[in-house]
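In: Whatever this is, show me its structure:
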Amino acid sequence: PLHLPAASLTKHCPVPGVNVAMSRATITLDVDAALANPTRRAKEVQHVHTKTTSNDDESLQPSSGTGIELIFHKLQYSVQIAKNKQKTILHGLSGVFGSNTAGELIACMGQSGAGKTSFLNVLAQRASGDATGTVMVNGQELNRNVIRRMVGYVHQADNHYPELTVFETLKFVAGLTILDVTREERDQQVMHVISMLGLGHVAHSKVGVPTGAAGEARGISGGELKRLSIAEVMLHQPKIIFLDEYTSGLDSPTALAITSLLKNISKAGHLVVATVHQPSSAIFFSFDKLCLLAQGRLAYLGPTDDVIPYFDSILPDNTCPRYSNPAEHLAEVVHVNSRSEAEQSSMFADSFVNRPQYQQLLEYIKNRTNVLSDGKRRSSKELISGEKELLMAKTSVLYQTRWLIWRNWMVFSRNKIKTKTKTIITIVMALLLGLIYLDIPQKLSGLSDRTFFLLNTSILVGARVSMEVIRFFQTEKHVVLRHTEQGMFGALAYVTSRIIAELPALVFFPLIFLAIAGPMVGLQLGVAKFLTHWFALFLININAYGYGLFMGSIIVNDDVLAVVAPLLLFPLMLFSGLTAVNIPPGLSWISYIIYLRYNVLMMFVTEIEGLDFYSGCSEAQFRDRSPNCTITTGDEILDDYNMEFVTVWEAAFVSLGLFVLMWLGAWYGINRIVRQRHS
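Out: Next up, the predicted model:
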């Protein structure tokens, strides 16, 4: 039996054999009899809810008589699997989702590899392969940018920032999508969506990590995480919502509760299309229509309660058994594992295409679309009446940057583990280098120790920052691309906000390092020289940060990036100006575009200037200015190392200029990824 909120069922339940025991709070429904007759019309169970807190589930308003009709005609989709070889995923699909009068909840089913997710991506104009055909909304063919802005897409993976609370996650989305309202009104709308999706009890809980892995505190549950993803989409006020395998990783009651929520959303006038893999009977019968794919072809499209009678009619020897789950039966029927089964799958598609009801639907589609016989997409860019309000309002880069700085600062400041780890690593590196190069004498032979301390400091500080940024961007990239697809912000605002939000850390950690290692090594640490060293380390940090963002955005493949990233530090060390002085003329130009050379120059010149180095005598004789000592001035050393081609402050300005170039490079790289996904 299922225990259900009384308000979720109609007054009468006319399913034969179903016993309903009513009380003030719940209804107990015995579904065994209903499962015994899976072919019966299942309107009675489409409102099934799991037991939830009544104060936490605010109903959506019913449809006001308007809906969305999505027509697709002759959709063909192929992907390149080899240099001169393509694989066709979708084979000329045609159909209609939704209507102009009411919303609908539609399930898209099929075995793995049938093309469910590809079908959803083509409809949402997010497919990266070669897609042809026509997609129309309410009788008008729209360009892909317009359709994207009408569509909310809930991905299978729920990627959110674990450091933010549920309210803060949605507040950020609302801040960039709900405009021309006061802050109080915006917060009220966020709380309304939170209440509507049953997240009120966790509104101020951190999203966290569901498993509590990687040292993170356990956050909200998997079902709550999925509802958060849906809530994020709802704030965009889409007319069409696509969900990819939304039940993955959820237990049956949680999946049923989310399906009930989607049913309520569809009743409010939205078209909701979801791919689902072997749902339970209660979930299956909650859908208004079923789109069943078999090897990229349409095996069925129509009311959910008519699918079993249809397949029983064409497969009289393989009818749906009593007391079985219709979804599991359909999965077995259309499963392809051999050539004979593939031929049977093709037979399903041919049988459905020749069905009189579908032929009537095709005539309706042709009349509505008025497409050419070859099914080529028209290039219309006109907006339908009333569509402009569906377009996301564009905000300025400054406005986007402000919201991104707020979010990034919340994320960085709350990541205590990361902050503690960075602090410990900085202290350990400072102590380690300080002990290795402890109290370096001013002996000429000790100049190499002083040189390598400065070089190792620059490389270690910069390498840590670059690798940290690359790793963080690999995990954050999915959230960033999802938000940019939704038109919330652009690449320029993202790159700028990331650097601004990290500035306190980029300033603070070099200070800790220098305060520990500098006195141990015996650097010149007068006020002016200390500040110059500190500023040089800060420039190394921001350049390394920009370098990491740039490389993370240019090398898209995560596996390739993990291998290549450490090697990218090699040219920084090689052309720093200290390790290889006699560089061949054909390669010497590279050193002029390496930021590390200018930062090392600042530190080296600051340290060497004003020092005299001795040889041929002891340190005591050097202090007594013995004539036996051979003195080499700091200026002579700088001349030998070719470190006087620019001044310290000229080097600082060049380093800032190189940082700007890498910042622009990161902007270009991220913008390129976004454009590739949009193209």
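In: Nearest residue to residue 518 in space, please, no chain neighbours.
Out: Leaving aside its chain neighbours, residue 518 sits nearest to residue 525 (5.2 Å; criterion: C-beta to C-beta, 6 or more residues apart in numbering). Glycine gets a C-beta too; all of them are placed from N, C-alpha and C.
In: what's near enough to touch residue 534?
Out: 510, 511, 514 (C-beta atoms under 8 Å, 6 or more residues apart in numbering).
In: which one of those is nearest residue 101?
Out: Residue 101 lies nearest to residue 510 out of the contacts of residue 534, by C-beta to C-beta, at 64.4 Å.
In: could you point out which element follows the strand or helix carrying the closest one?
Out: In the assignment (DSSP states H and E), residue 510 maps to helix 491-521. Downstream of helix 491-521, the first helix or strand assigned by DSSP H and E is helix 527-554.
In: give me the number of residues near residue 646?
Out: Using other C-beta atoms under 10 Å, the number of residues around residue 646 comes to 17.
In: Equivalent analysis for residue 628, please.
Out: Per other C-beta under 10 Å, the neighbour tally for residue 628 reads 11.
In: Give me the distance between it and residue 613.
Out: From residue 628 across to residue 613, the span is 15 Å (C-beta to C-beta, to the nearest Å).
In: residues in contact with stretch 471-482?
Out: For stretch 471-482, using C-beta under 8 Å, 6+ apart, the contacting residues are 155, 157, 159-161, 494, 548-549, 552-553, 558, 561, 670, 673-674, 677.
In: Out of those residues, which comes closest to residue 170?
Out: The closest of those to residue 170 turns out to be residue 160 (C-beta to C-beta; 10.1 Å).
In: Just give the closest residue to the closest one, not the sequence neighbours.
Out: Residue 160's closest residue in space is residue 207 (C-beta to C-beta, 6+ apart), at 4.8 Å.
In: how close does that neighbour sit to residue 589?
Out: 48 Å.
In: which one of these two has more residues nearby?
Out: Neighbours per residue (other C-beta under 10 Å) separate residue 207 from residue 589, with residue 207 holding more: 22 against 10.
In: Next up, the contacts around that one.
Out: Listed by C-beta under 8 Å, 6+ apart, the contact partners of residue 207 are 160, 161, 162, 163, 164, 165, 166, 169, 219, 220, 225, 228.
In: neighbours around residue 319, how many?
Out: Residues near residue 319, counting by other C-beta under 10 Å: 14.
In: Is residue 572 in contact with residue 596, as I believe?
Out: Yes - between residue 572 and residue 596 there is a contact under C-beta atoms under 8 Å: 4.6 Å.
In: Comparing these two, which residue is more hemmed in?
Out: Neighbours were counted for residue 572 and for residue 596 using other C-beta under 10 Å; residue 596 has more, 28 against 22.
In: Residue 247: what secondary structure?
Out: Here residue 247 is recorded as coil under DSSP: H, G, I helix; E, B strand; the rest coil.
In: one step back: buried ones only from the contacts of stretch 471-482, please, as a PyMOL command.
Out: Buried residues among the contacts of stretch 471-482 (16 or more other C-beta atoms under 10 Å), as a PyMOL selection:
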select buried, resi 155+160+161+494+548+549+552+553+561+670+673+674
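In: Looking at the contacts of stretch 471-482, which gets the smallest pLDDT?
Out: The lowest pLDDT within the contacts of stretch 471-482 belongs to residue 677, with 66.
In: Check residue 263 and give its pLDDT.
Out: Residue-level pLDDT assigned to residue 263 equals 92.
In: so which helix or strand takes in it?
Out: helix 252-267.
In: Now do the next helix or strand after that helix against helix 252-267, angle only.
Out: As assigned by DSSP H and E, the chain's next helix or strand after helix 252-267 is strand 271-275. Inter-element angle recorded for strand 271-275 and helix 252-267: 150 degrees (by axes from the mean of the first three to the mean of the last three C-alpha atoms, to 10 degrees).
In: ok now strand 271-275, how far from the chain's centre?
Out: 21 Å (C-alpha atoms, centre = their mean, to the nearest Å).
In: before we move on, back to that, identify the contacts common to residue 572 and residue 596.
Out: Joint contacts of residue 572 and residue 596 (C-beta under 8 Å, 6+ apart) are 459, 462.
In: Could you tell me which of the contacts of residue 534 count as buried?
Out: 510, 514.
In: and the contacts of residue 534 as CSV, adding pLDDT and distance to residue 422?
Out: Shown next, in CSV, are these (pLDDT from 0 to 100; distance: C-beta to C-beta, whole Å):
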residue, pLDDT, distance to residue 422
510, 93, 12
511, 94, 13
514, 93, 15
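In: Most remote residue from the middle of the chain, which is it?
Out: The C-alpha centroid of the chain is most remote from residue 627, which lies 69.5 Å away (C-alpha atoms, centre = their mean).
In: phi, psi of that one?
Out: Backbone geometry at residue 627, expressed as degrees, to the nearest 10, gives phi -70, psi -10.
In: same thing with residue 128?
Out: Note on residue 128: backbone dihedrals following degrees, to the nearest 10 are phi -100, psi -10.
In: How many residues are close by it?
Out: Count around residue 128 with other C-beta under 10 Å applied: 12.
In: can you pull out the helices in the stretch 151-300 of the chain?
Out: For the stretch 151-300 of the chain, applying DSSP state H, counting those that start in this stretch gives helices covering 166-177, 183-196, 222-234, 252-267, 281-284.
In: And the residue nearest to residue 160, how far from residue 410?
Out: Relative to residue 410, residue 207 is positioned 12 Å away (C-beta to C-beta).
In: Overlap of the contact sets of these two?
Out: Common contacts of residue 207 and residue 410, defined by C-beta under 8 Å, 6+ apart, comprise 163, 164.
In: Next, format the contacts of residue 207 as JSON lines and append distance to residue 146.
Out: What follows is the contacts of residue 207, written out as JSON lines (distance: C-beta to C-beta, whole Å):
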{"residue": "160", "distance to residue 146": "27"}
{"residue": "161", "distance to residue 146": "30"}
{"residue": "162", "distance to residue 146": "34"}
{"residue": "163", "distance to residue 146": "35"}
{"residue": "164", "distance to residue 146": "31"}
{"residue": "165", "distance to residue 146": "34"}
{"residue": "166", "distance to residue 146": "31"}
{"residue": "169", "distance to residue 146": "27"}
{"residue": "219", "distance to residue 146": "36"}
{"residue": "220", "distance to residue 146": "34"}
{"residue": "225", "distance to residue 146": "30"}
{"residue": "228", "distance to residue 146": "27"}
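In: Residue 223 against residue 256, yeah?
Out: No - using C-beta under 8 Å, residue 223 makes no contact with residue 256, being 10.0 Å away.
In: where does the chain have low pLDDT?
Out: Where the chain drops to pLDDT under 70, the residues are 1-66, 142-145, 148, 210-217, 336-345, 370-394, 568, 576-582, 642-645, 677-679.
In: got the angle for the helix ranked longest in the chain vs helix 491-521?
Out: In the chain, taking DSSP state H as the definition, the longest helix is helix 447-485. Orientation of helix 447-485 against helix 491-521 (the same axes, to 10 degrees) gives an angle of 160 degrees.
In: Return the set of buried residues in helix 447-485.
Out: Neighbour counts over helix 447-485 (16+ other C-beta under 10 Å) mark 447, 449-473, 476-477, 480-485 as buried.
In: now stretch 354-364
Out: Neighbour-count burial for stretch 354-364, counted by 16+ other C-beta under 10 Å, picks out 358, 361.
In: hey, C-alpha coordinates of that stretch in CSV?
Out: Extracted in CSV, the C-alpha atoms of stretch 354-364 (Å, rounded to 0.1, in the frame of the first residue of the first chain):
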residue,chain,number,x,y,z
ASN,A,354,1.5,3.1,-40.7
ARG,A,355,-1.0,3.4,-37.9
PRO,A,356,-4.0,5.5,-39.0
GLN,A,357,-3.9,7.7,-35.9
TYR,A,358,-0.2,8.6,-36.7
GLN,A,359,-1.0,9.2,-40.3
GLN,A,360,-3.6,11.7,-39.2
LEU,A,361,-1.0,13.3,-36.9
LEU,A,362,1.4,13.6,-39.8
GLU,A,363,-1.2,15.4,-41.9
TYR,A,364,-1.7,17.8,-39.0
